[in-house]
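> sequence and predicted structure below; questions after.
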Amino acid sequence: MPEREQEITLRFLAEPTDVNFGGKVHGGAVMKWIDQAGYACAVGWSGQYCVTVYVGGIRFHRPVLIGNMVEVSAKLIHTGRTSLHVAVEVSAGDPKEGLYTKTTQCVIVFVALDDGGTPVEVNRWEPKSEQDVALERYARRLMELREDTEKEMGPHGVVL
């Protein structure tokens with residue numbers, strides 16, 4: 001059985017097609033990159049098709065500029081029975097300088113599915129370093145907060 005990937009980094013230039021009316025990369029484009037990197041990480045670990053079921057705590061720290069080199073790093077930080085929690089960080093900077101600054105971060109939860117679309121069990125991920133332990137603790141805390149929010153908001157969330 002091949003070794004499972006628990007983290008990946010995508011690297012590319014921010015293109016003019018990603019620009020918003022303010023001249024910066026549109027937040028929706030950044031969110032797409034995050035989902036793509038998270039998906040690649042989840043599939044790399046599970047070996048299964050995965051779907052996004054939750055994106056939490058997305059934080060835009062600073063804009064990405066057109067022409068910036070962008071790095072989108074995704075790292076597995078927790079597994080449930082069928083779920084995979086992936087921390088994603090976006091960094092960007094001038095490609096000539098090679099210095100990257102964090103622009104965006106979040107945690108995405110994916111569920112692995114079989115060919116029929118039924119959730120399927122994933123191999124358990126075990127933290128190996130102190131950073132891994134801290135990240136898994138963070139994922140568990142986010143799960144608690146999400147459960148508290150769902151209790152508070154009710155089964156249908158905010159109804160508009």
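Arrived safely, thanks for sending. Residues are numbered from 1 along each chain as shown.
> so in the protein, which helix runs the longest?
Across the chain, the longest stretch assigned as helix under DSSP state H is helix 130-153.
> what sits up against it?
For helix 130-153, contacts defined as CB atoms under 8 Å, 6 or more residues apart in numbering pick out 54, 56-57, 75, 77-78, 85, 87, 107, 127, 157. No exception for glycine: its C-beta is placed from N, CA and C like everyone else's.
> secondary structure class for residue 32?
helix (DSSP: H, G, I helix; E, B strand; the rest coil).
> can you pull out the strands in this structure?
Along the chain, counting by DSSP state E, strands occupy 7-13, 49-60, 69-79, 83-93, 101-113.
> mind giving me JSON lines with those strands and columns for distance to residue 38 and mean pLDDT?
What follows is the strands of the chain, written out as JSON lines (distance: least, CB to CB, whole Å; pLDDT from 0 to 100):
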{"stretch": "strand 7-13", "distance to residue 38": "9", "mean pLDDT": "97"}
{"stretch": "strand 49-60", "distance to residue 38": "7", "mean pLDDT": "95"}
{"stretch": "strand 69-79", "distance to residue 38": "5", "mean pLDDT": "98"}
{"stretch": "strand 83-93", "distance to residue 38": "4", "mean pLDDT": "98"}
{"stretch": "strand 101-113", "distance to residue 38": "4", "mean pLDDT": "97"}
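> let me have these in CSV, extended by distance to residue 132 and mean neighbour count.
Shown next, in CSV, are these (distance: least, CB to CB, whole Å; neighbours: other CB atoms under 10 Å):
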stretch, distance to residue 132, mean neighbour count
strand 7-13, 10, 14
strand 49-60, 19, 15
strand 69-79, 7, 23
strand 83-93, 11, 23
strand 101-113, 14, 21
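> turn those into CSV, columns for distance to residue 120.
Listed next are these as CSV, based on distance: least, CB to CB, whole Å:
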stretch, distance to residue 120
strand 7-13, 21
strand 49-60, 9
strand 69-79, 12
strand 83-93, 11
strand 101-113, 5
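> got the angle for the longest helix of the chain vs strand 49-60?
Calculated by axes from the mean of the first three to the mean of the last three CA atoms, to 10 degrees, helix 130-153 forms an angle of 90 degrees with strand 49-60.
> OK, contacts around residue 116?
Contact analysis of residue 116 by CB under 8 Å, 6+ apart lists nothing.
> also residue 16?
residue 66.
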